[in-house]
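[1] Show me how the following folds:
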Amino acid sequence: MTKLSLPKNFLWGFATASYQIEGYTEADGRGPSIWDHFCSKPGKIADGTDGSDACESYKRTAEDIALLNQTGAMGYRFSLSWTRIIPKGGRNDPVNEAGLQHYVKFVDDLIAAGITPLVTLYHWDAPQELDERYGGLLNQEEWVQDFTRYARVVFEAMGDRVKHWITFNEPFCSSILGYSIGVHAPGHTSNRKKDPVGDSSTEPWIVGHTLLVAHGTVVDMWRRDFKPKNGGEIGITLNGDFMYPYDENSEDDKAACQRRLEFWLGWFADPIYFGDYPECMKKQLGDRLPKLTEKEKKLIKGSNDFYGMNHYCANYVRDLSKTRPIAPADDYVGNLELLFENSKGESIGPITQSPWLRPNPGGFRRLLNWISDRYGKPKIMVTENGTSILHENDLPREQILEDDFRVKYFTEYVEAMAEAVTLDGVDVRGYFGWSLMDNFEWAEGYETRFGCVYVDYKDDCKRYPKKSAKQLQHIFAEYLQK
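    Just a heads-up that it's a prediction; the model follows:
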C-alpha cells in the first residue's frame, strides 16, 4: 500500500481576514469600508453586530503570533485593510502611515517568529468612499486604477519581506453575494424587499469583470516592478465546492455538474488559464457577460503563479435546462438546482451551523483533480478549508473546546488532499485552515464559529485553543516528508 505524503516544502497554517478579526475600525486613521456601511443597515447581519470589535486583533498581534507558534503553524494567511492604508482609497488620496506601518511591523514580527506570511490584498472590505465617489466595483476604469495604486503602496512597503501574495479573495462572493443576492456588502440586488439598489441580471458580471482586470493589472505591475528584485509569487484565491449528479445515471445531471463548476470556478479561472470565459456562460448570459478585449485577455491570461483554492463542502446537482430552457435573468449557477440529498435520499454530509456547508472529504479530492486536470496541473495553495459546528455557539466553553467534529473534518480533508497529491499527482504546496480563531462571520455575525481557537466575546476577547488547534500539527506530521 502506497504511503500517503505531502511535498517536502509544504506550507501549512491558518487563515483570517482583516474585517473579521481586527476590530478598532476607527483607530489610527482607518477609513470606513463598504462592510462598515453595510453592517450599519438594520437587518443585514443576523445578530445585529458588526466588525467594530471583532477579536481586537489590531491591538493583539503579539498574542496572535504566540497562538500561531503554540499550534505549530508554519504559515499565516491574513488580509490587509485597504482603508487602514489609504483611508479614502483613491489613487490621489493620502496614505495613512500609521496603518501601513502596523502591517509592516506585523509581517516583520511573523517572520521573526518563524512564521511565513501569505498576504491577501483584498478580502471584501473596499473603501466606502469609492462606492460613493463613482459606484465602486461597477466602475472598472476608476476602481482598477485605485486598487493598483493601493497594491503598489503595499508592495513598496513590504515586497522585500512577503514572498506569497494573493490579489483577491473569492471574487465569486464579491460579485454574487454583494451584487446579486445582496447578502454581502454593498448589498445590491434586484430583490426590492432586500435593497432599493441593484440589478442581479447585470451587476455581478460587471463586478466579476472588474476584479479580473484588476487582478491582471496588479500581477503585471508586480511582475514588472517588484518580482525581479524581490522574488516571490502571486495568485488569486477562488472558492468552489464539488458537484455530484443528483441522479448518477442522468447525463443531464452530469452535464449540469460541469456547468456549475464552470459558472463558479471557470468564470475566473478560465480567463486566467485560457484567456476567455467558459462557453456555457457566454451561451446563457449573452450580452450581459462583458466581453474581454484582446488587451484584457493578454493581461489576464497567465496571471497566476499558483491557484489559490478555498474549499469547504459539496452539493448534489439536478439539471433544469430541459424543463426550463431559458434560465431566469438572475440565475448565476447555470440553470440547475443545488441539493443536499440525491435521488436515492442519500445526504451529501452532516449538518453544520452554516446552512450551505455539508462536509464531504471525497469531494475535496475530486475537486483538486478537476482543477489540476482542467488547468494543466497548476501549483495549488489551499488557502481556506474548515467547518462550523451545529449549535457550537450555544454550548458552554468547556464543550466548545472539545471540537471533535472539527478535528474529524480536518483529519478527513487533509487525508483526501494527501491522496490527491500521492495517488493522483496533484501539485498541492500549501494548506491554511479556516480559521485561526472564531470571528465576525459576515452576514452570520458572531453566531457561527469557524475558529480553532475559541474567542470569548463577552470577556475581553480572551482566546482559548480548542482541540483542533492542537491537533492540526499532529495531522500534518503524518504526511509531511521529513
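
[2] what about the longest helix along the chain, average pLDDT?
    Using DSSP state H, we find that the single longest helix of the chain is helix 203-225. Averaged across helix 203-225, pLDDT comes to 99.

[3] Also stretch 240-254?
    Mean predicted confidence for stretch 240-254 is 98.

[4] Report how many residues lie close to G75.
    Applying other Cβ atoms under 10 Å, we find 21 residues neighbouring G75. (Each C-beta comes from the backbone N, C-alpha and C, glycine too.)

[5] Can you give me the pLDDT of it?
    98.

[6] what bridges to it?
    With DSSP bridges applied, G75 shows beta-bridge pairing to G13, T116.

[7] Was I right to think it contacts F10?
    No. Using Cβ atoms under 8 Å, G75 is not in contact with F10, being 9.9 Å away.

[8] any residues in contact with both of the two?
    Common contacts of G75 and F10 (Cβ atoms under 8 Å, 6 or more residues apart in numbering): G430.

[9] on that earlier part again, buried residues of the longest helix of the chain, list them for me.
    203-222 (16 or more other Cβ atoms under 10 Å).

[10] In the protein, where is pLDDT below threshold?
    For the chain, no stretch is flagged by pLDDT under 70.

[11] Strands of that one, residue ranges please.
    With DSSP state E as the criterion, the chain has strands at 11-15, 75-79, 116-122, 164-169, 233-239, 242-245, 306-310, 314-319, 336-339, 380-385, 428-434, 453-456, 462-465.

[12] the inter-axis angle of the first one versus strand 75-79?
    Relative orientation of strand 11-15 with respect to strand 75-79: 40 degrees, computed using axes from the mean of the first three to the mean of the last three Cα atoms, to 10 degrees.

[13] ditto for the fourth one
    Taking the same axes, to 10 degrees, one finds that strand 164-169 is oriented at 40 degrees with respect to strand 75-79.

[14] which residues are contacting strand 164-169?
    17, 75, 77, 79, 116-124, 151, 174, 211, 214-215, 218-219, 222, 232-237, 308, 310, 381, 383.

[15] send the alpha carbons of that strand over as PDB?
    The C-alpha coordinates for strand 164-169 follow below in PDB (Å, rounded to 0.1, in the frame of the first residue of the first chain):
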ATOM      1  CA  HIS A 164       3.400  34.900  -1.200                       C
ATOM      2  CA  TRP A 165       0.700  37.400  -2.400                       C
ATOM      3  CA  ILE A 166      -3.000  37.000  -3.200                       C
ATOM      4  CA  THR A 167      -4.800  39.700  -5.100                       C
ATOM      5  CA  PHE A 168      -8.400  38.900  -4.400                       C
ATOM      6  CA  ASN A 169     -10.200  36.500  -2.000                       C
END
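
[16] follow-up on the earlier one: who are the packing partners of the longest helix of the chain?
    helix 140-158, strand 164-169, helix 171-179, strand 233-239, helix 267-273, helix 294-300 (3 or more Cβ pairs under 8 Å, 6 or more residues apart in numbering; DSSP states H and E).

[17] and with 6 Å instead?
    helix 140-158, strand 164-169, helix 171-179, strand 233-239, helix 294-300 (3 or more Cβ pairs under 6 Å, 6 or more residues apart in numbering; DSSP states H and E).

[18] Which one, of the ones you listed, ends up nearest to C280?
    Checking the helices and strands packed on helix 203-225 against C280 by Cβ to Cβ gives helix 171-179 as the closest, at 15.5 Å.

[19] May I have that closest one as PDB, with CA atoms only?
    Taking C-alpha atoms only, helix 171-179 is exported to PDB below (Å, rounded to 0.1, in the frame of the first residue of the first chain):
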ATOM      1  CA  PRO A 171     -14.200  37.200  -6.400                       C
ATOM      2  CA  PHE A 172     -17.300  35.000  -6.900                       C
ATOM      3  CA  CYS A 173     -18.600  36.100  -3.400                       C
ATOM      4  CA  SER A 174     -17.800  39.800  -4.000                       C
ATOM      5  CA  SER A 175     -19.800  39.600  -7.300                       C
ATOM      6  CA  ILE A 176     -22.700  37.300  -6.400                       C
ATOM      7  CA  LEU A 177     -23.300  37.800  -2.700                       C
ATOM      8  CA  GLY A 178     -22.600  41.500  -3.000                       C
ATOM      9  CA  TYR A 179     -24.300  42.400  -6.300                       C
END
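
[20] How far away from the center of its chain is that helix?
    11 Å (Cα atoms, centre = their mean, to the nearest Å).

[21] Ok, stretch 100-114 next?
    22 Å.

[22] contacting residues around that stretch?
    T61, I65, N69, Y76, L80, I85, P117, A157, M158, R161 (Cβ atoms under 6 Å, 6 or more residues apart in numbering).

[23] Distance of the closest residue in space to the second one that isn't next to it in sequence relative to E22?
    Sequence neighbours aside, A113 is the residue nearest to I65 in space, at 5.0 Å (criterion: Cβ to Cβ, 6 or more residues apart in numbering). Applying Cβ to Cβ, to the nearest Å, the value for A113 to E22 is 19 Å.

[24] So for the two, which residue has more residues nearby?
    Between A113 and E22, counting by other Cβ under 10 Å, E22 is the more crowded of the two (30 against 14).

[25] For the more buried one, give me its contacts.
    Here E22 is in contact with A54, S57, Y58 (Cβ under 6 Å, 6+ apart).

[26] Show me which residues of stretch 333-350 are buried.
    Under 16+ other Cβ under 10 Å, the buried positions of stretch 333-350 are V333, G334, N335, L336, E337, L338, F340, N342, I348, G349.
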